[in-house]
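Colleague: below is the sequence, then the predicted model.
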Amino acid sequence: MCSFLQLSHTEVKWLAQNRTLLDSYTILFLGDVVGKPGRTIVGQGLPSLKDTYKPLFTIVNGENSAGGVGITPSIADEIYSAGADAITLGNHAFNKRDIGPYLDSGKPIVRPSNMPPEVPGSGLCSVTKEGIELAVMNVCGRVYMDSYGDPFAEVDQLLSGLDTQHRFLDLHGEATSEKIAMGWHCNGRCTAVVGTHTHVTTADERVLPDGTAYITDVGMSGPRDSVLGMDRHLILRRFRTTLPEKFEVSNEPGVISGVVIRVLRETGRALSIERIRFGD
C-alpha cells in the first residue's frame, strides 16, 4: 500500500480535490420497465450506463415488464442478467400468477411491504458489495390506490429493524403530495426515496437537508412515442370515443429513464442525485 510520500505532488493534489469522490459510491436506479421495448432497451443500455456511471449498486423497477403489467420469473432473471442487483415492484406485482414462489426464493426482489403478511415475498431485501450493505425497500402509496396499509407506518417499521445506514426506498404511488410527504418523512433516515408508478419523469430531484436524495417520479424505461408505455393510437381512440379499449404496450423503440445517486460510504447520506435518459 503506497503512502502520500510515494505520490507525486500532482497525485496528492488530485487526491485532496477528489476526496469526496473516493469516499463515496453510486446507486443507479432505472424507472418502471414497460413491456418488451423496455426490456430490450434495458438489455442494450444498462451495460453502457454501468460503464459510464460505475455504480456500486444497480436497482430496476420491473413491475410492468411483462406485457405492461406484472413480472414473471424468466423476465426477472433477464433483468438480473442485464446487470441489476435488485428489482423493485409495485401495484402490479402479482398480475402474473407464477411470480409468487419466485418472490419467496431468496432473490433480491421486493414487492410492496404494506400488504398483508400472508402475501408471498417481502418488502425488504439487502445487497452487500465492498463491505456496504444496502437495504432496498418498496411500499405502495394509498392515495388513488386501493388495498394497501399505511405506507408511513410501514416505512417506520422497516427502518426500525435495520442496522445499515444505507437505505433505499422505492415509493410506488400516484399522488405527488403523498410522495413528497414521504420524502420529508424519511429525511435523514433514508439514503434515497425515489418515486415510481406514473411513468412520467419529474424535474424535482434534490438532496433534502439531512442527506436524503429525493425525486417524485423517475419515469419509465419503455416505448418513448407512447402514452405511459401503451399504444398511443388506442389511448387516443379511448379518450376521443369513451368506448372501452384493450390497452396494449406500444411497439415503438424504448428509452431508459433513471437517476444516479452519489452516496457517502461512511454515513449513507446522499451527496447528489441526477436524472438520466438513454436511447433518445
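Modeller: Yep, it's here.
Colleague: list the contacts for the closest residue to residue 103 other than its chain neighbours?
Modeller: In this structure, residue 103 finds its nearest non-sequential neighbour in residue 121, 2.9 Å apart by C-beta to C-beta, 6 or more residues apart in numbering. C-betas here are computed from N, CA, C, even on glycine. Residue 121 makes contact with 93, 100, 103-104, 109-111, according to C-beta atoms under 8 Å, 6 or more residues apart in numbering.
Colleague: gap between residue 121 and residue 254?
Modeller: Separation of residue 121 from residue 254 (C-beta to C-beta, to the nearest Å): 27 Å.
Colleague: could you verify that the residue nearest to residue 103 is part of a helix?
Modeller: No: the assignment for residue 121 is coil, going by DSSP: H, G, I helix; E, B strand; the rest coil, so no helix is present there.
Colleague: list the contacts of the longest helix along the chain.
Modeller: Using DSSP state H, we find that the single longest helix of the chain is helix 35-53. Under the criterion C-beta under 8 Å, 6+ apart, residues 26, 28, 30, 32-33, 58, 60, 64-68, 75, 78-79, 82-84, 220-223, 229, 249-256, 258, 260, 276, 278-279 lie in contact with helix 35-53.
Colleague: what's in contact with the helix or strand following that helix?
Modeller: Downstream of helix 35-53, the first helix or strand assigned by DSSP states H and E is strand 57-61. The contact list for strand 57-61 (C-beta under 8 Å, 6+ apart) reads 25-33, 42, 46, 50, 79, 82-90, 127, 129, 134, 136, 168, 170, 172, 196, 218, 221.
Colleague: can you select the buried ones from those residues in PyMOL?
Modeller: Buried residues among the contacts of strand 57-61 (16 or more other C-beta atoms under 10 Å), as a PyMOL selection:
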select buried, resi 25+26+27+28+29+30+31+32+33+42+46+50+79+82+83+84+85+86+87+88+89+90+127+134+136+168+170+172+196+218+221
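Colleague: out of the contacts of strand 57-61, which are inside strands?
Modeller: 25-30, 32-33, 86-88, 127, 129, 134, 136, 168, 170, 172, 196, 221 (DSSP state E).
Colleague: got the residue ranges for the helices in the protein?
Modeller: Under DSSP H, the chain gives helices at 9-17, 19-22, 35-53, 73-82, 99-103, 151-160, 176-185, 232-241.
Colleague: wait, residue 231 touches residue 249, no?
Modeller: Yes: applying C-beta atoms under 8 Å as the test, residue 231 and residue 249 come out as touching, 7.1 Å apart.
Colleague: flag the shaky bits of this structure, pLDDT-wise.
Modeller: 1-21 (pLDDT under 70).
Colleague: what are the buried residues along stretch 236-256?
Modeller: 238, 245, 249-250, 254-256.
Colleague: can you list contacts of it?
Modeller: Contacts of stretch 236-256 (C-beta under 8 Å, 6+ apart): 30-31, 34-38, 40-42, 45-46, 49, 67-68, 221-227, 229-232, 234-235, 276-280.
Colleague: PyMOL command for the buried members of these?
Modeller: The PyMOL selection below is limited to those of those classed as buried (16+ other C-beta under 10 Å):
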select buried, resi 30+31+34+35+36+37+38+40+41+42+45+46+49+67+68+221+222+223+224+226+227+229+230+231+234+235+276+278+279
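Colleague: grab the nearest non-local neighbour of residue 190.
Modeller: residue 167 (4.5 Å).
Colleague: next one: residue 271
Modeller: Leaving aside its chain neighbours, residue 271 sits nearest to residue 262 (4.3 Å; criterion: C-beta to C-beta, 6+ apart).
Colleague: give me the number of residues near that neighbour?
Modeller: For residue 262, the tally of surrounding residues (other C-beta atoms under 10 Å) stands at 19.
Colleague: one more: the one 10 residues further on?
Modeller: Counted with other C-beta under 10 Å, the neighbours of residue 272 add up to 15.
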